[in-house]
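Chemist: Provided below for reference: sequence and predicted model.
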Amino acid sequence: MAARLPLIAGNWKMHGRRADTLALLSALKERLTAEQLRDREVVVAPPFTSLETAAQILAGSPIQLAAQNLHWEPSGAYTGEISAPMLKDLGCTYVLIGHSERRQHCGESDEQVAQKVAAAKNHGLTPIICVGETLEEREKDATLEVIARQVQGAVSSQDKTTVASLVVAYEPIWAIGTGRTATPAQAQEVHAAIRGTLASLTDRQTAEAVRLLYGGSVKAENIDNLMAQTDIDGALVGGASLQADAFARIARFQ
Ligand code: PGA
């Protein structure tokens, strides 16, 4: 079985001006040495307006850069949008796709998520595809069905090699920004189901290569127990990624 390289990603959402980015990343660089990041990847996703500043500060650092969204076309008459080649040009290596806040507030559909995944891969960006159920769906016992539909919608048009390189983040919507984390067992159950869906779309070996992150109120206090689960390969961190001490501790999970 292929060993999966753990990945800790910070989603800054719509927070911070360039000066805040400078301060946060300078503090983070001091707290995370290359030696500590030897066996894991750490990625930050600042707002678009801070990407260039972030790239300058992170030059030569093992901390990588992600964008929070992209458009599926490389260029064109899409006012207000940002494309994959533009993000590559700024030094991004990863991009978040289909975050529940975009699905909820910007009407992002499974079809658009699939188009964005294809665009990211075509231009050398690694997608971090976000999936997750609402509280209502969980209470109706529809979690696994909802997640399977979202995963299938995002990856079914991709070939096996591409699927193997993807990152999927399971973020139960009821756990995002609420302080209410899924228990390690709840998260593991869904992660195992996601791997099962990926295996049925491709094969077991491909599914075993895909990195699955958990997101939703990840903190310094709960990261170690989450990472101890078989199918949890990392975390997508919102609120705690805006605090250098907390995010550095999460990145140093044991
Ligand atoms: P949270 O956000 O860690 O603040 O819950 C996670 C996310 O939305 O990616």
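Modeler: Done, it's in.

Chemist: residues near residue 249, how many?
Modeler: Here the count is done by other C-beta atoms under 10 Å, and residue 249 has 17 residues near it. C-betas here are computed from N, CA, C, even on glycine.

Chemist: What is the three-state secondary structure of the closest residue to it other than its chain neighbours?
Modeler: Excluding its sequence neighbours, the residue lying closest to residue 249 (C-beta to C-beta, 6 or more residues apart in numbering) is residue 220, at 4.0 Å. Using DSSP: H, G, I helix; E, B strand; the rest coil as the criterion, the local structure at residue 220 reads coil.

Chemist: Number the residues from 28 up from this point.
Modeler: Fine by me, first position is 28 from now on; the one you just mentioned is residue 247.

Chemist: got the contact list for residue 247?
Modeler: Contacts for residue 247 were tallied using C-beta atoms under 8 Å, 6 or more residues apart in numbering; they are 267, 272, 273, 276, 277.

Chemist: One more: residue 124?
Modeler: Remark: with contacts taken as C-beta under 8 Å, 6+ apart, residue 124 is in contact with 96, 97, 140, 143, 144, 147, 154, 155, 156, 157, 181.

Chemist: Go again with 7 Å.
Modeler: When contacts are counted by C-beta atoms under 7 Å, 6 or more residues apart in numbering, residue 124 touches 140, 143, 144, 147, 154, 155, 156, 157.

Chemist: you'd agree the fourth one is in a helix?
Modeler: Think residue 147. Yes: checked against three-state DSSP, residue 147 lies within a helix.

Chemist: So it sits against residue 99, correct?
Modeler: No: with contact defined as C-beta atoms under 7 Å, residue 147 does not count as touching residue 99 (8.8 Å).

Chemist: more crowded one of those two?
Modeler: Each of residue 147 and residue 99 has its neighbours counted (other C-beta under 10 Å); residue 147 has more, 26 against 20.

Chemist: Check what pLDDT the more buried one gets.
Modeler: Per-residue confidence (pLDDT) for residue 147: 98.

Chemist: Relative to residue 121, how far out is it?
Modeler: With distances defined as C-beta to C-beta, to the nearest Å, the gap from residue 147 to residue 121 amounts to 9 Å.

Chemist: Also residue 167?
Modeler: 33 Å.

Chemist: Neighbour count: those two, which is higher?
Modeler: Using other C-beta under 10 Å as the criterion, residue 167 and residue 121 rank with residue 121 on top: 22 against 12.

Chemist: Quick check: bridge partners of the more buried one?
Modeler: Using DSSP bridges, the beta-bridge partners of residue 121 come out as residue 93, residue 153.

Chemist: what does residue 238 give?
Modeler: For residue 238, the beta-bridge partners under DSSP bridges are residue 194.

Chemist: show me the contacts for it.
Modeler: Residues 31, 34, 194, 260, 261 are the ones in contact with residue 238 under the rule C-beta under 7 Å, 6+ apart.
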